[in-house]
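**Q** Fold the stuff below for me.
(one chain, ligands or ions: 2)
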Amino acid sequence: MTTTTPAIAAPAAGQPLAPTTIVRRDLRPDDVLIDVAFAGICHSDIHQVREEWGGSIFPMVPGHEIAGVVAAVGANVTKYQVGERVGVGCMVDSCGECEYCVAGTEQFCVKGNVPTYNGVGFDGENTYGGYSRQVVVKDAFVCRIPEGIALDVAAPLLCAGITTYSPLRQWGVGPGKKVAIVGFGGLGHLAVKLAAAMGAEVTVLSQSLKKQEDGLKLGAKDYYATSDEATFDTLRGRFDVILNTVSAKLPVDLYLGLLRVGGAMVNVGAPGEPLSYNAFSLLGGNKTLAGSMIGGIAETQEMLEFCAEHGIGAEVETISADQVNEAYERVATSDVRYRFVIDASTITA
Ligand code: NAP
Ligand code: ZN
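**A** Ligands and ions are numbered 1, 2, ... in the order given. Here you go, the predicted structure:
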């Protein structure tokens, strides 16, 4: 039997989200039915609802930061049992056979990973995300949420957490390394907590000093305003790694100037507009300009265990379903501290 479930959907590009009802598929042998407890609001949800990346599919039920409890499992599922606390991130399927899937980097599946929403499954059906009461996901794309992380603060780890954990690991952030986190929002505040827990010396580069106290409390040693031109002189040549989490276009050359020789600036921010840089900003110092997209499923589980071990969760503001459009406005204007999560029990058709 298929399940109908209340959800929140954007009917068309840039339109306000509104309550609706969607159908979840019958459980296949390897499926897990999850009662959603909380769904985080990622800036990527806003980019896609506003069609800033192009190619959006409507109606759209966003949500790829899902935390909840297993409500039922398919006949062949042995990994999860009813009642377990689980999470789902940005992907719900991949081919499982290509070199990237085999390497645990399902996000780069050569057939294309199936996004949790705003995508089409291998069965030809559109995918609908976590802004809903229930979701059905293949067991291999479900992660276990360790005891000790509450579901509300766990939800944002499924995208914002893994998206920052993965490049920090990949670029060797740890003791003795100086790392700058650009943008102190949903991704940025988790990046600060994670990089500090990894043992690095962390600096926040934010547009203003409004959130300085929070940044220092969450583990940063320094906090500078990028609106102050002197910042770019003071910090010249300082960092081993710069993680850019900004959702808008940035003057990349200015930031490359803050790297040490051999340093790397890694972009995870995904603005609709192109970023540009001057070739000499890299040549003069053998610097690297890189990108990183979420992380694989095994690495997501590793990140959740790391967070449990270090007492890391997101700083959240819990909202009800009828506050979603207001929350989108606040995220779009950098007025979020530091992740909105929707209490899924308030979603009614
Ligand atoms: P967010 O909560 O809105 O945080 C973005 C932060 O960027 C803001 O808090 C603000 O920080 C800064 N910012 C915004 N506009 C700016 C501007 N015009 N100039 C300079 N700084 C600005 O967003 P998020 O959810 O963390 O997502 C950040 C970006 O990462 C989005 O583009 C999202 O789509 C992308 N993303 C990528 C991946 C991936 O796999 N690579 C995964 C998830 C999200 P301050 O107030 O501190 O300046
Ligand atoms: Zn996201």
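
**Q** Where do the helices of the stretch 51-200 of the chain begin and end?
**A** Along the stretch 51-200 of the chain, the stretches classed as helices by DSSP state H, counting those that start in this stretch are 99-102, 151-154, 160-170, 186-197.

**Q** how many neighbours does Ala140 have?
**A** Counted with other CB atoms under 10 Å, the neighbours of Ala140 add up to 17. Every residue, glycine included, has its C-beta placed from N, CA and C.

**Q** Give me the nearest residue to it, chain neighbours excluded.
**A** Distances taken as CB to CB, 6 or more residues apart in numbering place Ile297 nearest to Ala140, at 6.7 Å, with adjacent residues excluded.

**Q** what about stretch 233-248, how long is it end to end?
**A** Terminal residues of stretch 233-248 lie 23 Å apart, using CA to CA, to the nearest Å.

**Q** Pull the residues that contact that stretch.
**A** 43, 47, 164, 167-168, 171-173, 177-183, 185, 187-188, 191, 195, 203, 205, 224, 250, 255, 257-261, 263-271, 273 (CB atoms under 8 Å, 6 or more residues apart in numbering).

**Q** Please list only the buried members of the residues you listed.
**A** Among the contacts of stretch 233-248, those classed as buried by 16 or more other CB atoms under 10 Å are 43, 47, 164, 167-168, 171, 173, 177-183, 185, 187-188, 191, 195, 203, 205, 224, 250, 255, 257-259, 263-271.

**Q** What pLDDT is listed against the closest residue to Asp26 other than its chain neighbours?
**A** Spatial nearest neighbour of Asp26, excluding adjacent residues (CB to CB, 6+ apart): Thr2 at 5.6 Å. What the model reports as pLDDT for Thr2 is 74.

**Q** Please apply the same query to Ala9.
**A** Ala9 is assigned 98 on the pLDDT scale.

**Q** That one contacts Ile22, doesn't it?
**A** Yes: when contacts are counted by CB atoms under 8 Å, Ala9 is listed as touching Ile22 (7.4 Å).

**Q** Mutual contacts of these two, please.
**A** Common neighbours of Ala9 and Ile22 (CB under 8 Å, 6+ apart) are Val61, Tyr128.

**Q** And the helices in the stretch 201-349 of the chain, which stretches?
**A** For the stretch 201-349 of the chain, applying DSSP H, counting those that start in this stretch gives helices covering 212-217, 230-234, 252-256, 279-283, 297-310, 324-332.
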